[in-house]
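The sequence isn't on hand, but the structure is:
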């Protein structure tokens, strides 16, 4: 996402330090970044699923008691029985294993069958997977999920399965075994309102708390990037209307309300609008039709949003459609009069800034 004033700063500084500028971690918002605001879970024992150094990442977000799927598998080796070559040869450890109090799903795991099995074991035993399933559990264990993308674009000719596909599998297995829908305490990442609210909070901090007018969201996915930007724009409109009538309006992530670590007043959105820009160099295919609610059969086929999202055609209608990120930058510069004047007087700034944007986009795809 780009805001007007931050873009001006980038243009002014490009010629001075294009060769030495670095992207600070504080300038990047990942799908799991808002987890550091969910303070009510930081003291609970959480089971984490995904890839990479998850226990380290989870602790940097503020969680104190973290258990990985692999640690759970090692302690209870009889739970993971699909792969015959990985079946246990040693008895389980006799050390006491903590009771799982919540689940955090970061992204698609490597061994889906292991993660699906152990996550279901934890969900259906209320956090005690060494026990037998209890079909009469009074309440479901809290689940926090990040990154709802059903698919993402890599080097293959067609998009690849994303974490949204894994969530779809988990929801289907849970429904088949219990007859109930899997409930999420929070869904984070685009298109969650809380994610955009948190991103604006960081933009204001980087902008030294100066007023933000317009936020630009550039992306290649209609049901995450564009849906989320338009949903946030709707929220901004509703918030400004509510302020004139002294009505309290707070953006939340999809799912139940959760306790925040950041003061609520710091998360009040100040931007006037959020404009969505769709690029054609990723998941979006210009030859594919936009989602429509005119036919339930068609909607089921083309709408790749998460189960808890409502298909609304206006939310997947981008403000602008351009070829790539460079064209998106050109467009937003044209939209902002002050920046355009500055840009036209310094044409030599365009190349380094565009190169930097392309580099950041490539790095984020890798993440």
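Thanks, I have the structure now. Just so it is clear, the model here is predicted, and its values are computed rather than measured. Residues are numbered from 1 along each chain as shown.

Secondary structure of residue 203: a helix, I assume?
Yes: under DSSP: H, G, I helix; E, B strand; the rest coil, residue 203 falls within a helix.

For it, grab the count of nearby residues.
20 (other CB atoms under 10 Å). C-beta coordinates here come from the backbone N, C-alpha and C atoms, glycine included.

Do I have it right that it meets residue 211?
No: between residue 203 and residue 211 no contact is recorded; they are 11.1 Å apart, counting by CB atoms under 8 Å.

Which residue, other than its chain neighbours, is closest to residue 219?
residue 225 (2.3 Å; CB to CB, 6 or more residues apart in numbering).

My error: substitute residue 276 in the last question.
Residue 276 sits nearest to residue 229 (CB to CB, 6+ apart), 3.7 Å away.

residues in contact with whatever helix or strand the one you found lives in?
In the assignment (DSSP states H and E), residue 229 maps to helix 227-244. Applying CB atoms under 8 Å, 6 or more residues apart in numbering, the contact partners of helix 227-244 are 1, 190-193, 195-197, 215, 217, 219, 248-249, 251, 268-269, 271-276, 305, 309, 314-319.

Selection in ChimeraX covering whichever of the residues you listed are buried, please.
Buried residues among the contacts of helix 227-244 (16 or more other CB atoms under 10 Å), as a ChimeraX selection:
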select :1,190,191,192,193,195,196,197,215,217,219,251,268,269,271,274,275,276,305,309,315,316,317,318,319
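
Inside strands: which ones of the contacts of helix 227-244?
215, 217, 219, 273, 274, 275, 276 (DSSP state E).

Format the residues you listed as CSV; extra columns: pLDDT and distance to residue 33.
Formatted as CSV, these follow (pLDDT from 0 to 100; distance: CB to CB, whole Å):
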residue, pLDDT, distance to residue 33
215, 92, 16
217, 93, 16
219, 93, 16
273, 93, 23
274, 94, 18
275, 94, 22
276, 95, 20
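
Just the closest of these to residue 282, please.
residue 219 (7.8 Å; CB to CB).

Surely that closest one touches residue 190?
Yes: at 7.4 Å, residue 219 counts as touching residue 190 under the criterion of CB under 8 Å.

which neighbours do those two share?
The contact lists of residue 219 and residue 190 share residue 225, where a contact means CB under 8 Å, 6+ apart.

So which residue is smack in the middle of the protein?
Against the mean C-alpha coordinate of the chain, by CA atoms, centre = their mean, the closest residue is residue 189 at 1.5 Å.

Next, count neighbours for the residue nearest to that one when sequence neighbours are not counted.
In space, and not counting its chain neighbours, residue 189 is closest to residue 31: 3.0 Å by CB to CB, 6+ apart. Neighbour count for residue 31, taken as other CB under 10 Å: 22.

Tell me if residue 31 really is in a helix.
No: assessed with three-state DSSP, residue 31 is coil; it does not lie in a helix.

pretty sure it is in contact with residue 145, am I right?
No: judged on CB under 8 Å, residue 31 makes no contact with residue 145 at a distance of 9.3 Å.

hey, what's in contact with both of those two?
residue 188.

how near is residue 175 to residue 309?
Distance of residue 175 to residue 309, given as CB to CB, to the nearest Å: 17 Å.

typo on my end, residue 153
The value you get for residue 153 to residue 309, if CB to CB is used, is 20 Å.

swap in residue 217?
From residue 217 over to residue 309 (counting by CB to CB), the distance is 16 Å.

for the residue nearest to residue 219, helix, strand, or coil?
Relying on three-state DSSP, one would call residue 225 helix.

what sits against it?
Contacts of residue 225 (CB under 8 Å, 6+ apart): 190, 191, 217, 218, 219, 276, 278.

Please produce TSV containing the residues you listed, extended by distance to residue 160.
Converted to TSV, the contacts of residue 225 look like this (distance: CB to CB, whole Å):
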residue	distance to residue 160
190	17
191	20
217	23
218	21
219	17
276	24
278	20
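
which among those gets closest to residue 328?
Closest to residue 328, out of all of the contacts of residue 225 and judged by CB to CB, is residue 218, at 4.6 Å.

I figured that closest one hits residue 280, correct?
No: counting by CB under 8 Å, residue 218 does not reach residue 280; the two are 11.8 Å apart.

Who has more neighbours out of those two?
A direct count of neighbours by other CB under 10 Å for residue 218 and residue 280 places residue 218 higher, at 26 against 15.

Please tell me how far that one sits from residue 331.
Using CB to CB, we find residue 218 at a distance of 9 Å from residue 331.

Name the residues contacting each of the two.
Residues touching both residue 218 and residue 331 (CB under 8 Å, 6+ apart): residue 277.

Distance of the residue nearest to residue 219 relative to residue 282?
Between residue 225 and residue 282 the computed distance is 9 Å (CB to CB).

same deal with residue 59?
Taking CB to CB as the measure, residue 59 falls 32 Å from residue 282.
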